[in-house]
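Asks: sequence and predicted structure are below.
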Amino acid sequence: MRGSRWQRRLRLSALMPTNLGAKFIAVIVVVQFTVMGLVTFVVEKRQRQIILHESQKRALALASNLAALSEGYLLSYNFIKLEQIAEKATEDEDVAYAIVHLHNGQVATYSGHPERQGKTLDDAVSQQALQAEASFSQDIMTMEVGGRGYDVAIPVFVPGGTRKWGTVRLGFSLARARREVQATTHDLVLLGLVALLLGTGGAIFLATRLSKPIQQLVTGVTEVAKGNYHHAMAVTAGGEIGFLAQRFEAMREALRLHVTRLDAEKQRLEQTNELLKATQDQLIQHEKLAAVGKLAAKVAHEVNNPLAIVKTSFQILNEKIAWSDPTKEELVVIEEEIDRIARTIRHLLDFARPHSNPTALQVNQVIQNLIKFVEHDLLAHNSRVVLELDPELPVIQMSRDHLTQVLLNLVKNAQEAMPTGGTLCIKTAPWSGGVTISVLDEGVGIPESHRNLVFEPFFSTKQDGTGMGLGLAVSYNIIAGYGGSIEVESQPGKGSVFRLVLATDPTHTVQEHMDALGNLPEDTRNQYIWGQAVF
């Protein structure tokens with residue numbers, strides 16, 4: 001009995017390790033399969049989210065980079081460069097398309113679809129993208145992105161302003177991300193069977209998680225070192241790396257603001273310098289005219305007194321001589337010469353004292369009356385007159401005689417500049433502060449070396465000595481006296497154009513009226529004031 005009982009115990013003790021090992025193995029296998037299944041499920045889900053999140057971040061980064069590259073060309077409407085940048089962006093296998101919209105929604109460029117340039121896309125995705133005021137990403141499901149993907153929209157604003165100038169869109173395909181997810185799932189299944197590979201995969205994953213933000217930080221610092229102060233530090237990691245990234249981002253923003261302020265200050269200084277130079281040139285011209293005017297007034301005064309005595313003595317002598325006297329005809333010649341001297345003296349006085357009481361004046365009427373008197377002489381010199389008078393001109397305050405004198409000087413100069421004849425065109429146009437008058441000819445033109453001297457007193461290009469060189473100087477002095485301006489443009493062999501700018505209110509200078517047009521673009525403002533002057 002006792003022997004049989006011990007035998008049974010020995011057999012049980014021999015069987016126990018085998019059963020416990022199987023159970024242990026079974027439990028370990030079950031636990032391993034359960035844990036690895038849960039790990040595989042959790043890790044696969046997490047990995048899918050990370051890949052999709054990183055894909056979205058990459059899509060935003062690519063779109064932001066495309067917007068930064070396109071900003072300058074979008075503001076300057078350089079569609080060729082925009083098309084090149086868009087096509088370059090699609091070389092990335094994840095980028096399905098790149099679109100740049102203008103501020104009105106029209107397509108400036110559409111990669112791979114040049115026929116859509118200038119059109120407005122009315123689909124829901126495009127409309128939502130165009131309404132975005134900040135970085136905006138949409139989940140899309142289209143054939144163009146190969147299934148599921150993102151449509152990322154980056155609005156472009158005018159530097160330093162709030163006006164939206166356009167929108168840059170980028171279509172990002174998730175096809176490669178899906179392949180990565182599938183490959184990750186397959187790897188996780190294999191890694192679940194082999195613990196070592198699982199540990200290796202975890203190490204690789206941790207290494208990737210640590211190296212990526214560092215690489216992003218290095219990339220951001222490199223871009224800032226190159227001068228790209230608009231490249232944001234796209235590092236979302238925490239800890240010391242995240243803190244370092246935040247400090248670099250704060251430094252980048254401070255540098256960007258400082259550079260922006262420097263550029264603005266540079267532009268302001270350049271504008272101020274140009275204004276000071278123009279003001280200095282005007283002051284020098286006024287000083288010259290004032291000095292010559294004083295000299296002319298003194299000479300006229302000194303000559304007028306003896307000339308009056310000569311005129312009075314001549315009249316007494318003329319009355320004493322009978323009409324039958326043969327010397328009577330010579331006295332007539334003398335009287336004409338005395339009158340010519342008096343007219344010359346009056347011209348000098350006009351130069352010295354060009355101001356008179358202004359009256360309400362219709363510029364077109366003055367021009368038409370003047371042409372009636374000079375048209376015959378112009379036709380005699382084979383010159384044709386063309387008038388392009390705007391009927392909606394405002395009334396200006398100016399002396400009729402002074403305006404007639406200035407226009408007559410310009411017409412005579414144009415006639416003499418066309419010795420073989422040609423077309424003389426007079427244009428008028430309104431502007432916000434008054435009236436512009438342009439006198440164009442098809443003459444020999446003015447050399448560039450003489451262009452800054454034509455308004456100088458006693459400067460003349462006439463080689464025969466017939467001109468005193470006071471016509472344009474007197475005209476400049478008269479127009480400046482009414483707060484206006486006169487300028488000249490010329491091309492040798494093609495002709496010249498003299499432009500008068502007259503203010504409706506002579507108490508305000510033309511520069512004050514020009515300041516009122518400061519909000520207009522420079523080319524638009526010049527075209528509005530000067531009109532189209534084509535040689």
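Replies: Received, thanks. These numbers were taken from a predicted model, which means no experiment stands behind them.
Asks: pLDDT at G518, what is it?
Replies: pLDDT for G518: 45.
Asks: surely A503 and G433 touch.
Replies: Yes. With contact defined as C-beta atoms under 8 Å, A503 reaches G433; the gap is 5.2 Å. Glycine gets a C-beta too; all of them are placed from N, C-alpha and C.
Asks: pLDDT wise, what is A297 at?
Replies: 63.
Asks: do the one 3 residues further on as well
Replies: What the model reports for A300 is a pLDDT of 66.
Asks: likewise for the one 10 residues further on?
Replies: The confidence metric pLDDT takes the value 75 at V310.
Asks: please report the distance of it from V303.
Replies: 10 Å (C-beta to C-beta, to the nearest Å).
Asks: ok, V145 next?
Replies: Taking C-beta to C-beta, one finds V145 at 92 Å from V303.
Asks: higher neighbour count, these two?
Replies: Ranked by neighbour count (other C-beta atoms under 10 Å), V145 and V303 place V145 first, with 20 against 15.
Asks: for that one, what are its contacts?
Replies: Each residue near V145 by C-beta atoms under 8 Å, 6 or more residues apart in numbering is listed here: A96, Y97, G171, F172, S173, L174, A175.
Asks: cool, and W165?
Replies: L74, L75, H103, V156, F157, V158.
Asks: cutoff 10 Å now
Replies: E71, L74, L75, H101, L102, H103, P155, V156, F157, V158, P159 (C-beta atoms under 10 Å, 6 or more residues apart in numbering).
Asks: buried ones in the host helix or strand of it?
Replies: W165 belongs to strand 164-173 when assigned by DSSP states H and E. Buried residues in strand 164-173, counting neighbours by 16 or more other C-beta atoms under 10 Å, are found at W165, G166, T167, V168, R169, L170, G171, F172, S173.
Asks: nearest to I334 among those residues?
Replies: The closest of the buried residues of strand 164-173 to I334 turns out to be W165 (C-beta to C-beta; 76.7 Å).
Asks: distance of that closest one relative to Y73?
Replies: W165 is 11 Å from Y73, by C-beta to C-beta.
Asks: same check on A225?
Replies: Counting by C-beta to C-beta, the gap from A225 to Y73 is 24 Å.
Asks: and the two? Which one has more around it.
Replies: More crowded of A225 and Y73, by other C-beta under 10 Å: Y73, with 19 against 8.
Asks: helix, strand or coil for that one?
Replies: helix (DSSP: H, G, I helix; E, B strand; the rest coil).
Asks: and it, what pLDDT?
Replies: pLDDT, read off for Y73, is 84.
Asks: what about the nearest residue to A232 once chain neighbours are set aside, which helix or strand?
Replies: Among residues not flanking A232 along the chain, E249 sits closest, at 6.7 Å (C-beta to C-beta, 6 or more residues apart in numbering). Assigned by DSSP H and E, E249 belongs to helix 239-320.
Asks: looking at the protein, which helix or strand is least sure?
Replies: helix 522-530 (a mean of 43; mean pLDDT, DSSP states H and E).
Asks: spatially central residue for this structure, please.
Replies: S76 (6.7 Å; C-alpha atoms, centre = their mean).
Asks: contacting residues for it?
Replies: L82.
Asks: next, it: phi, psi?
Replies: Torsion angles at S76 (phi, psi; degrees, to the nearest 10) stand at phi -100, psi 10.
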